[in-house]
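> What follows is a predicted structure for the sequence shown.
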Amino acid sequence: MSGKKKRKASLRCLFLLSLVGVLLFGAGIVRAAAHKPGFGKEKGSYYYWNEKGKKVKGLQKIGEKTFWFDKKGVQRTGWRKIGSSYYFFRIENGAEGYMITNAVINDVKLGKDGRAKLTGHTRRKLKMMTRCAQIADELVKADQSKRTKLKAVFRYVMNLRRSNTGNFRTGSEWDLYYAEYILDRKRGDCFCQGALMAYMANAVGYSHAKAVSSGGHGWAKIDGEYYDPNWASVIGFDKCFGATAGQSGTGGRPRWSKNEKYVADLGATDEKASVRKSKKAASEAKFVRKKTRRLKKYKAMSAVLQ
């Protein structure tokens, strides 16, 4: 090939490479421009794009509400530990997944700034709930239905290794003990699986979850239905997932409804129910204070008369 032909071939290659570069660069601009500012969904997860078309990260105040996004910009909800504090974000997508403030969620009091009030008990409980939220992040997608999410976490708990922990351990925090046991060791028995199932259901948006035990067997009760991941390994998934009270004790199922001896209620995650509970507690406290003042006044009057 002559020198002239080689130069033409080289120029042609440079032109084609430049054209490809322009096309790729242009496609990138089109993709970036496709995301208008605001909430949006991508591959099953929710994000928020700012005015520059970039995904926001961390704690963000958008309008009058506050939201949380992880290091990749994925919106995260439920219980989250940010720094040394715990917060609760409604388990909803997009603009509905905002931080809750001045309420009681899962029997944990939230302040005006959204921070959870920490005690020895609530600190332990919050640690468990944030662990379960992080596990749920890996198991489910935000755009899935609640029922689909519940099935995913049920299978997760059901498939954990089975190991006997001995006689049932009673006490005010028995549910936390067993849920911690199985998460720390990746194995456990029916008490462990029942307790963990309640916490995992709570993590995917079920407001009324309870860990239940007869003293000889353990399971979870969620929105009035029975979930027994341990027994499901024996008689099948379908028979032990969302069974009704009428199905209890039939088809090889344990008699769940007749043996709810120990019940650990995780408390409501529903904002309205939690606010009502908070107001009820405040009203009860006010009644007790009023009654106490009356009693002191009565004692003082009695002392004078004597």
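Noted; the coordinates are in hand. Numbers count the residues shown, from 1 in each chain.
> For residue 209, see how far away residue 255 is.
Noted for residue 255: a distance of 21 Å to residue 209, by CB to CB, to the nearest Å. Glycine gets a C-beta too; all of them are placed from N, C-alpha and C.
> what's the answer for residue 83, then?
27 Å.
> If you count surrounding residues, which of these two has more?
residue 209 (25 against 8; other CB atoms under 10 Å).
> residues in contact with the spatially most central residue of the chain?
By CA atoms, centre = their mean, the chain has its centre lying nearest to residue 203, at 2.3 Å. By CB atoms under 8 Å, 6 or more residues apart in numbering, the residues touching residue 203 are 78-79, 129, 132-133, 135-136, 153.
> what does residue 221 give?
198, 209-210, 212, 227, 256, 260, 263.
> can you give me how far the strand or helix carrying it is from the chain middle?
In the assignment (DSSP states H and E), residue 221 maps to strand 218-222. With CA atoms, centre = their mean, to the nearest Å as the basis, strand 218-222 stands 17 Å off its chain's centre.
> what are the pairing partners of that strand, and which direction each?
strand 209-213 (antiparallel), strand 225-227 (antiparallel) (DSSP bridges).
> hang on, the earlier thing: reformat the contacts of residue 203 as JSON lines; add pLDDT.
Listed next are those as JSON lines, based on pLDDT from 0 to 100:
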{"residue": "78", "pLDDT": "98"}
{"residue": "79", "pLDDT": "98"}
{"residue": "129", "pLDDT": "98"}
{"residue": "132", "pLDDT": "98"}
{"residue": "133", "pLDDT": "98"}
{"residue": "135", "pLDDT": "98"}
{"residue": "136", "pLDDT": "98"}
{"residue": "153", "pLDDT": "98"}
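> can you tell me which two in those residues are farthest apart?
Across these, the longest distance by CB to CB is 14.9 Å; it joins 79 and 153.
> Give me the distance between the two termini of stretch 45-58.
This stretch, stretch 45-58, spans 15 Å end to end (CA to CA, to the nearest Å).
> now do stretch 112-123
With CA to CA, one end of stretch 112-123 sits 19 Å from the other.
> again with stretch 163-182
So stretch 163-182: terminal residues 9 Å apart, CA to CA.
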